[in-house]
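1. model the structure of this input:
(one chain, ligands or ions: 3)
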Amino acid sequence: MNLPLIDQIDAILPQTQCGKCGYPGCRPYAEAIAEGRADINQCSPGDQDGVSKIAKLLNVPPKPLNTAHGSPSSYKVVAIIDEHLCIGCTFCLKACPVDAIAGAAKQMHTVIAAECTGCELCIAPCPMDCISLIPAANTTGTNSLGAAERKQQAADHARTRYQRRQQRLEHDKQRTAEKSSKHKTTGAVIKSTQPITDERKKAMVAAALARAKMIRSQTHAGNSSTKPHELS
Ligand code: SF4
Ligand code: SF4
Ligand code: SF4
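-> Ligands and ions are numbered 1, 2, ... in the order given. Here you go, the predicted structure:
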């Protein structure tokens, strides 16, 4: 293989994009290993097998997986959202490294199970605790590929989605910077692009909860005013 070393290491990593290795994705971890800034045994989703493959590639002795970075799971999980509780705050959507959550502000959100890597990054930001992990549907027998090939195919797909998201975020950042410098030049008032602070987060959640409460009470009022002959 004539690929640069970073690409070769990245090709071994499972592309869960969970950050458990201490880096914000598989590619940054691959870069850190290639540059000698990170040890080879920090990826728990890749398990001992991944460590051994990286050791072989780098021609260094293998070492045990460092479980300080998490323990490997014996089965794949995907996230699921309890849509009755979701208040549409979008925090999970912003946290997902592979754009596996569909939804918009003030609307309920849904996980696209086929795109979810089970990275768990959407769970902590959810103010409603309405995201959980469930075992992924077993796809055995759905195509002619073997388990290893299916795993590789899923990893390649997740890498592509991660890269697309990174490109989109970079593009958005550039556009914001351009707009900001344009406004500075013209002296126009710049719309706030401040990061979401805890206080702002709390205010957004409170507003979303108030909205959800209002919608529920309206639905309830509508239901109670429904006359028996209107029911089908
Ligand atoms: S799967 Fe998670 S722990 Fe492993 S390299 Fe990728 S981001 Fe890091
Ligand atoms: S939906 Fe949640 S668990 Fe699935 S990939 Fe996105 S952030 Fe990770
Ligand atoms: S973080 Fe939770 S409440 Fe907010 S949109 Fe996602 S699932 Fe809904």
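
2. what's next to stretch 98-113, contact-wise?
-> 17, 78-81, 83, 86, 88-90, 92-93, 115-117, 119, 122, 131, 136-137, 158, 161-162, 164-165, 208, 211 (C-beta atoms under 8 Å, 6 or more residues apart in numbering). For the C-beta atoms, the positions are set from N, CA and C on the backbone; glycine is no exception.

3. put the buried members of these into a ChimeraX selection.
-> Buried members of the contacts of stretch 98-113 can be picked out in ChimeraX with the line below, counting by 16 or more other C-beta atoms under 10 Å:
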select :17,78,79,81,86,88,89,90,92,93,115,116,117,119,122,131,136,158,161,162,165,208
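
4. ok, which of the contacts of stretch 98-113 also contact ligand 1?
-> Filtering those for neighbours of ligand 1 using C-beta under 6 Å from any ligand atom leaves Gln17.

5. among the contacts of stretch 98-113, which ones are in helices?
-> Cys92, Leu93, Ala158, Arg161, Tyr162, Arg164, Arg165, Ala208, Arg211 (DSSP state H).

6. who's in contact with the fourth one?
-> Put plainly, it is Arg161. Val98, Asp99, Ala100, Glu115.

7. distance check, it against Ala11.
-> Arg161 sits 16 Å away from Ala11, going by C-beta to C-beta, to the nearest Å.

8. cool, Ala210 as well?
-> From Ala210 across to Ala11, the span is 48 Å (C-beta to C-beta).

9. okay, the two: which has more neighbours?
-> Ala11 (18 against 11; other C-beta atoms under 10 Å).

10. which one is that one nearest to, not counting chain neighbours?
-> Once flanking residues are discounted, Ala11 sits nearest to Leu3: 7.3 Å by C-beta to C-beta, 6 or more residues apart in numbering.

11. my guess is the one you found contacts Ile12, does it?
-> No: between Leu3 and Ile12 there is no contact under C-beta atoms under 8 Å: 11.4 Å.

12. neighbour count: these two, which is higher?
-> With neighbours defined as other C-beta under 10 Å, Leu3 and Ile12 compare such that Ile12 has more, 21 against 10.

13. now do the contacts for that one.
-> Contacts of Ile12 (C-beta under 8 Å, 6+ apart): Gly46, Gly50, Lys53, Ile54, Leu57.
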